[in-house]
Each structure stands twice: as structure tokens, then as C-alpha cells.
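A.B. asks: my questions are about this predicted structure, shown below with the sequence.
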Amino acid sequence: MGQVKEIIEKCERYIMNTYRRLPVVFAEGKGAKLFDIEGREYIDFVAGIAVNNLGYGHPKVVEAIKRQCERLIHISNLFYIKEQIDFAELLIENSPLDKVFFANSGAEAIEASIKLAKKITGRDVFISAYNSFHGRTFGALSLTGQEKYRKKFEPLMNRVKYVKYGNEEEIKEAINKKVAAVVLEPVQGEGGVIVPPEGYLKAVRDICDEKGVLLIFDEVQTGFGRTGKLFACQRFSVTPDIMAFAKAAGGGLPIGGIMAREGLEFDVGEHASTFGGNPLVCAAARASLLTILEENLPQRAENVGKWFMKELRRLSSVYEIREMRGVGLMIGVEFEKEIARKVVLNSLKKGLVLNNTYENVIRIVPPLIIEKEDLKKGVDIICEVGEDD
């Protein structure tokens, strides 16, 4: 523990304490496994918070990064970037939308969505859902429907109306001539993996069309195969006007952006990003997306996710479980008592990486390539933790 203690002490000395970090230092990853600096092995049920959809060290992504590093890491968007264009082509050809803008993160993608919606409509009011999470920058935080994230930083962008997620009638009532867009997560992630009621997103799409309001989907967490389709909007057969993406897009490297339907785009000088879509990240992103498509990982997430939901029912023999919910390999387990954090900490000691989010929900978003054997072992560990108590 000496080396770990030293690293933790340096972190506390030099880095702002913005995360409630778990007491482990990882040094290596392979597939769906992580290894700490002392060589202990862990099964990963978090995937960097739905980032590492291909797990760790996937050879196709690693090779793409190595090859691109030797050629060109960064060049300004003042020039045409072949790697960016190649990734954009693959991305758009496999999405329901028409044009893309690249940034570096999910929060930046949401900011770009806000700007584009205001530009296109000339309006400045947005409708968002309670319990939502859209990021921590000014506009993204304004849209986030959880007061605990906002209140220390108010006043924020005050032209936001919040409605109950899953209730399309509240959206219909909230829309007026000043509303630019409705912003929703197709599945609420940080809010505890809340799956929309059947028909809800289609009803919202119809309302937006009727009222002449844009529909923005935040697919930062749901994109790139996580929910059983490449994008969650495809799962629910609803096409937004603008879609924000990030997390799993870069195969582990930072990239985000927005896709939009034909006719919705920025003009020269209206928006930009120095690092957005640089050659290195786009080479990795294209390799990652090609692999997701070639290996049909969205369908694998759907099939394995259904099996895994049944496996997770074993937890009910040990814990009081309020609800298990999810789609694909995006699953939330909601406990009755305030024990989720304890389960996370004790599971870590036994070699399982978990994450608890929104009160007492454990969010499970493993790499899409994870084997059933490791999923089963993970459930065994969670059960053992409960039995030990």
C-alpha cells in the first residue's frame, strides 16, 4: 500500500478534489479486465463510465493510434483533415442524421447543441427533464435537471423549463413561441438509468413537429452500441433534429460532437474547436466504430444484456432490490436501503469495479466485449458482499 498511499497523497496535494475517488490505482487494462499497480485483477463493470465499449487494449484501436502518432497527431481545422473526413463519413453513413461537428467532450457537444438551436430558431427557451444530466459547463449545467449540481453556481442560463421525464403532456403544455428545443436523454444515465415509457419519445417527436420546435437528444452515454443499437434513437425509432455524442466515440480518446439533420448547421466563424476532430482522435474513433460495426456489438449488447438482466435477479436473494432496469448493457440496480456505496467499496476489495449514481442506484455499463463468464463472476462478487454483511 506504500506506493498507492504516496500516489493518493500527491493527488490530494496537486489535483483539485472534484471526484469522490475509489482507493485504487490502475496500471493496465486488457479486454474487460483492469490491473492495479500491485498486480491485482479486477472485472470492470464501469468501462470508464460507458467510454471503453471495446474494453482495454483492443488491437485495432491500438494499431490505429500507433500508426497515426507516427504520421500526424494534430493539425488545425484551418485545413482539410483526411482522418476527420473519413470518420465523419463512416459516422454519418451509419446514423440517421446528415452533418457532424466535432468537439472534445459531451459537455461541449451540449453547448454546441444549444448554440445551434438558438441560431436556427431565433428563440432562447429550452425544455429539459427533471433528473437529467447534461454536463457541468454553463449551458449544459443549466439544462441539467438535478438541483444538487446547479445550486452552488446559480444564476445560470435562466431560460430553461423542467418537466417530468416520461410525461409528454407536460412538454406540450410547456411549449410556447419562445421555445427553441426540447432536450432529452433517450435513457437517463446519471439519473439512475431511467428507461422511457413505451411511446414517449415518439410522442415528444410528434409534439415538436406540431409546434415547430427542435428535438435534441443527448446520446453522450447511450451512443455507440450501448443500448442494443448503434444509437438509442434507432432503438426507439425516433430521429432527433440534433444529437450530442461523446464518451465511447473515440475508443478511449476524448472526442465529442453533434450530428444534425440537413439544413441545420453553423456557418463559418459561428462555432469552432481547436482540438475538435484532430487526426489522432479521429483515426482511433474510426477504428473503434469500424470494429463496433464489424463485430456487431450493438446486437451483442442486446443479447448479452437480456441474459445478464436474468442473472442479476440473483441479487434479490441477498438484497432488498427496489428495481432492475435498463436496455442493452446499460443497466441500473436500485437498492431499497442506502447501501449502494458500501456495495461498490466492498466489491472493489474482491476485484469488481462498480459505480453508484443517483442516490442508491448501481449503474452497470461494462465493455460491450465482456464475456458472460465475467458478468456471472461479477454478480457472484456482489452477492458475496451482501452475504458477508
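C.D. replies: Looks like it arrived, so ask away. Numbering: from 1, shown residues only.
A.B. asks: please tell me how far the residue in the chain sticking out farthest from the centre sits from Gly351.
C.D. replies: In the chain, the residue that sits farthest from the middle, by CA atoms, centre = their mean, is Gly2; the gap is 34.4 Å. Distance check for Gly2 against Gly351: by CB to CB, to the nearest Å, it reads 21 Å. Every residue, glycine included, has its C-beta placed from N, CA and C.
A.B. asks: and Val61, what does it touch?
C.D. replies: Contacts for Val61 (CB atoms under 8 Å, 6 or more residues apart in numbering) come out as 54, 251-252, 284, 287-288, 291.
A.B. asks: need phi/psi at the closest residue to it other than its chain neighbours.
C.D. replies: For Val61, ignoring the flanking residues on the chain, the nearest one in space by CB to CB, 6 or more residues apart in numbering is Gly251 at 4.2 Å. Dihedral angles phi and psi of Gly251 (degrees, to the nearest 10) take the values phi 60, psi 20.
A.B. asks: for Gly251, grab the count of nearby residues.
C.D. replies: As a burial measure, Gly251 scores 27 neighbours (other CB atoms under 10 Å).
A.B. asks: quick check, it in contact with Leu54.
C.D. replies: Yes: proximity of Gly251 to Leu54 meets the contact threshold set by CB atoms under 8 Å, at 6.1 Å.
A.B. asks: which residues are in contact with each of the two?
C.D. replies: 61, 288.
A.B. asks: ok so, going back, so what's the residue nearest to Val61 bridging to?
C.D. replies: In this entry, Gly251 is beta-bridged to Leu253, by DSSP bridges.
A.B. asks: give the contact list for it.
C.D. replies: Each residue near Gly251 by CB under 8 Å, 6+ apart is listed here: 53-54, 58, 61, 64, 284-285, 287-288.
A.B. asks: max pairwise distance over the residues you listed: which two?
C.D. replies: The distance between the two most remote of the contacts of Gly251 (CB to CB) is 15.1 Å, for Asn53 and Ala64.
A.B. asks: more neighbours: which of the two?
C.D. replies: The neighbour comparison of Asn53 against Ala64 (other CB under 10 Å) goes to Asn53, with 30 against 23.
A.B. asks: look up the closest residue to the more buried one, ignoring the ones flanking it.
C.D. replies: For Asn53, the spatially nearest residue (CB to CB, 6+ apart) is Ala248, at 4.2 Å.
A.B. asks: surely that neighbour touches Gly55?
C.D. replies: No: the pair Ala248 / Gly55 is not scored as a contact, 11.1 Å apart, by CB under 8 Å.
A.B. asks: the more surrounded of those two?
C.D. replies: Neighbours per residue (other CB under 10 Å) separate Ala248 from Gly55, with Ala248 holding more: 31 against 21.
A.B. asks: tell me if I am right that that one is in a helix.
C.D. replies: Yes: if the criterion is DSSP: H, G, I helix; E, B strand; the rest coil, then Ala248 is within a helix.
A.B. asks: picking up where we left off before, report the contact partners of the residue nearest to Asn53.
C.D. replies: 50-53, 223-226, 288 are the contacts of Ala248 under CB under 8 Å, 6+ apart.
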